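Novice: Structure for this input, please:
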Amino acid sequence: MSLYPSDIEIHVHLHEDGNINSKALLQALDTLETSLYASDRQDIEFASIELDVPAVVRDACLERLRRYRHDRLILTGDRHGSIEIIGVVAGISYFVLNKTIVESFKKGYEDTELHNNMRQFFKKSIDDKALFISENLRRVFANRKKDVNIKALSSSENKSDRIIIDISSEPKSKKKMQIRSLGEELDNDRTRG
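Specialist: Numbers count the residues shown, from 1 in each chain. Predicted coordinates:
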């Protein structure tokens with residue numbers, strides 16, 4: 001998937017000594033989902049005010065956002081090393097608002113000033129959306145007492161915004177004994193016999 005200038009690219013780096021447990025990965029993705037949902041809600045609220053969208057349409061959009069749980073990040077790649085997952089923020093808030101308004105107007109909506117204004121609103125708010133997501137991630141990770149470094153890089157010409165999430169391993173004192181794979185336990189540990 002190629003990136004577009006209006007995309008918000010997200011890199012999740014999990015650094016851990018040895019193996020990375022699935023709980024750390026799932027928690028990172030769940031925290032990201034929570035922040036993206038909050039961002040989508042804010043998009044609908046702000047767009048409704050800016051575009052003078054009727055309250056009934058705004059409320060329908062906010063309700064519809066719930067249907068897209070776990071669809072807010074489109075995974076586009078990974079990298080070797082610890083674990084690095086790369087994705088882009090899905091356009092859920094724009095999609096839901098656009099679809100709800102289209103259903104309200106039925107015909108000819110794509111050619112209206114409202115549709116053009118909505119596209120421009122979402123394009124100009126990309127940097128603010130990336131900043132909101134970054135700040136929300138910092139807050140949520142801090143509440144979960146995770147050692148996380150979050151960087152938000154603003155877009156430049158023809159490049160998308162980027163959010164980098166570096167998640168460190170738990171301190172050694174909190175770690176459980178490292179468990180090896182079944183094959184490693186069975187085939188390489190001849191001392192237990």
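Novice: can you give me the strands in this protein?
Specialist: 8-14, 73-79, 83-89, 148-153, 161-167 (DSSP state E).
Novice: From residue 138, how far off is residue 100?
Specialist: 31 Å (C-beta to C-beta, to the nearest Å). Every residue, glycine included, has its C-beta placed from N, CA and C.
Novice: circling back to that earlier point, reformat the strands of the chain as a markdown table; add distance to residue 126, mean neighbour count and mean pLDDT.
Specialist: Converted to a markdown table, the strands of the chain look like this (distance: least, C-beta to C-beta, whole Å; neighbours: other C-beta atoms under 10 Å; pLDDT from 0 to 100):
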| stretch | distance to residue 126 | mean neighbour count | mean pLDDT |
| --- | --- | --- | --- |
| strand 8-14 | 7 | 21 | 88 |
| strand 73-79 | 16 | 13 | 85 |
| strand 83-89 | 9 | 20 | 85 |
| strand 148-153 | 12 | 16 | 86 |
| strand 161-167 | 6 | 20 | 88 |
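Novice: Relative to residue 133, which of the ones you listed is closest?
Specialist: The closest of the strands of the chain to residue 133 is strand 161-167. By C-beta to C-beta, the value is 6.1 Å.
Novice: and the angle for that closest one with strand 148-153?
Specialist: Here strand 161-167 points in a direction 170 degrees away from that of strand 148-153 (axes from the mean of the first three to the mean of the last three C-alpha atoms, to 10 degrees).
Novice: Please export the alpha-carbon coordinates of strand 161-167; PDB is fine.
Specialist: C-alpha atoms of strand 161-167 as PDB (Å, rounded to 0.1, in the frame of the first residue of the first chain):
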ATOM      1  CA  ASP A 161       2.500  12.500   9.100                       C
ATOM      2  CA  ARG A 162       4.200   9.800  11.200                       C
ATOM      3  CA  ILE A 163       3.700   8.600  14.800                       C
ATOM      4  CA  ILE A 164       6.400   6.400  16.200                       C
ATOM      5  CA  ILE A 165       5.600   4.400  19.400                       C
ATOM      6  CA  ASP A 166       8.600   2.900  21.100                       C
ATOM      7  CA  ILE A 167       7.600   0.500  23.900                       C
END
